[in-house]
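Participant: What follows is a predicted structure for the sequence shown.
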Amino acid sequence: MPPPVHVTEAESEVLAALWRHGPLTPARLVEAVKSRREWGDATIKTLLGRLMQRKAVRSQREDGRLLYHPLITRETYVAGEVEALIDRLFEGDPEKLAAHLSSG
C-alpha cells in the first residue's frame, strides 16, 4: 500500500469541493471553493497544482471538457488525519485518544 498523501488544511478545501460535488471543471471548482473561502483564483489554482503533483487529484478530458477528480476519498483523508493526531498528541496510542475523549 502506498504511503498516505499529506494534505494541508488549505488543500483539503479543494478536495472537499470535489468530494461534495464530484468531478468539476476548472471554473466550477474555483467557484465551489470560493463559496466557502475568500481566496483568489491564483491561490486555488496553486493548491490544485500541489494536489495534482502529490497524486491526490487528477485531471481528465471527458466529452471535450477538462474535469478534476479526487484520487483520495474523504474517508482516507480523515483516517490519515486521525492517525497523525494520535501520533502527535497521544504517543501513537489510540487507546489514549479514546480515554481522553471519554474523560471529557
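Facilitator: Structure's in. What do you need?
Participant: quick one, phi psi at residue 24?
Facilitator: Main-chain dihedrals, residue 24, degrees, to the nearest 10: phi -130, psi 150.
Participant: Contacts only, for it.
Facilitator: For residue 24, the contacting residues are 17, 18, 32, 67, 68, by C-beta atoms under 8 Å, 6 or more residues apart in numbering. Glycine gets a C-beta too; all of them are placed from N, C-alpha and C.
Participant: which ones among those are found in helices?
Facilitator: 17, 18, 32 (DSSP state H).
Participant: Can you tell me the closest non-neighbouring residue to the first one?
Facilitator: When you say that, I think you mean residue 17. Once flanking residues are discounted, residue 17 sits nearest to residue 32: 3.8 Å by C-beta to C-beta, 6 or more residues apart in numbering.
Participant: One more: the second one?
Facilitator: Nearest-residue entry for residue 18: residue 70, 4.2 Å, with adjacent residues in sequence omitted and distances by C-beta to C-beta, 6+ apart.
Participant: beta partners of the one you found?
Facilitator: residue 57 (DSSP bridges).
Participant: isn't it right up against residue 16?
Facilitator: No: using C-beta atoms under 8 Å, residue 70 makes no contact with residue 16, being 9.3 Å away.
Participant: More neighbours: these two, which one.
Facilitator: residue 70 (21 against 16; other C-beta atoms under 10 Å).
Participant: Report the contact partners of the more buried one.
Facilitator: Going by C-beta under 8 Å, 6+ apart, the list of residues near residue 70 reads 15, 18, 19, 56, 57.
Participant: Would you mind giving these as a markdown table with distance to residue 91 and neighbour count added?
Facilitator: Formatted as a markdown table, the contacts of residue 70 follow (distance: C-beta to C-beta, whole Å; neighbours: other C-beta atoms under 10 Å):
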| residue | distance to residue 91 | neighbour count |
| --- | --- | --- |
| 15 | 29 | 24 |
| 18 | 34 | 24 |
| 19 | 31 | 15 |
| 56 | 28 | 22 |
| 57 | 33 | 24 |
